[in-house]
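J.: I need the structure of the sequence given here:
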Amino acid sequence: MKRRKERLVVLTLLGVLAINYPVLSLASLERMVWGVPLLWFYLLAFWVVFVILIALTMRRGPLEKS
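T.: Predicted coordinates for the structure are as follows:
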């Protein structure tokens, strides 16, 4: 259980970093990816990966001993 909480904290920090100025400005170019602006593609791709990582973290597995 403690390990799961630690992973969720790390994922939260990763999420905050990924959608803040320095990293987000890298995707703020006038380029298109499959007809979608790069910034929108980055945000959507990050969101999908973020949700999958949270789902994998929260998936019930064997009980962990603290």
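J.: What are the neighbouring residues in contact with residue 57?
T.: Applying CB atoms under 8 Å, 6 or more residues apart in numbering, we find residue 57 in contact with 4, 7-8, 11. For the C-beta atoms, the positions are set from N, CA and C on the backbone; glycine is no exception.
J.: Try it again at 6 Å.
T.: Residues in contact with residue 57, defined by CB atoms under 6 Å, 6 or more residues apart in numbering, are residue 7.
J.: so what pLDDT did it get?
T.: pLDDT for residue 57: 88.
J.: check contacts around the most centrally placed residue in the chain.
T.: Taking CA atoms, centre = their mean, the centroid of the chain lies closest to residue 50, which sits 3.1 Å from it. The contact partners of residue 50, by CB under 6 Å, 6+ apart, come to residue 15.
J.: Using PDB, list the CA coordinates for the helix or strand hosting it.
T.: Secondary structure assigned from DSSP states H and E places residue 50 in helix 38-58. Output in PDB follows, covering the C-alpha atoms of helix 38-58 (Å, rounded to 0.1, in the frame of the first residue of the first chain):
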ATOM      1  CA  LEU A  38       1.600  19.800 -31.900                       C
ATOM      2  CA  LEU A  39       0.500  21.400 -28.600                       C
ATOM      3  CA  TRP A  40      -2.900  19.700 -28.700                       C
ATOM      4  CA  PHE A  41      -1.300  16.400 -29.700                       C
ATOM      5  CA  TYR A  42       1.100  16.600 -26.800                       C
ATOM      6  CA  LEU A  43      -1.600  17.400 -24.300                       C
ATOM      7  CA  LEU A  44      -3.800  14.600 -25.600                       C
ATOM      8  CA  ALA A  45      -1.000  12.000 -25.700                       C
ATOM      9  CA  PHE A  46       0.200  13.000 -22.200                       C
ATOM     10  CA  TRP A  47      -3.300  12.700 -20.900                       C
ATOM     11  CA  VAL A  48      -3.800   9.200 -22.300                       C
ATOM     12  CA  VAL A  49      -0.500   8.000 -21.000                       C
ATOM     13  CA  PHE A  50      -1.100   9.600 -17.600                       C
ATOM     14  CA  VAL A  51      -4.500   7.900 -17.300                       C
ATOM     15  CA  ILE A  52      -3.000   4.500 -18.300                       C
ATOM     16  CA  LEU A  53      -0.200   4.900 -15.700                       C
ATOM     17  CA  ILE A  54      -2.600   5.800 -13.000                       C
ATOM     18  CA  ALA A  55      -4.800   2.800 -13.900                       C
ATOM     19  CA  LEU A  56      -1.800   0.500 -13.800                       C
ATOM     20  CA  THR A  57      -0.800   1.900 -10.400                       C
ATOM     21  CA  MET A  58      -4.300   1.500  -9.000                       C
END
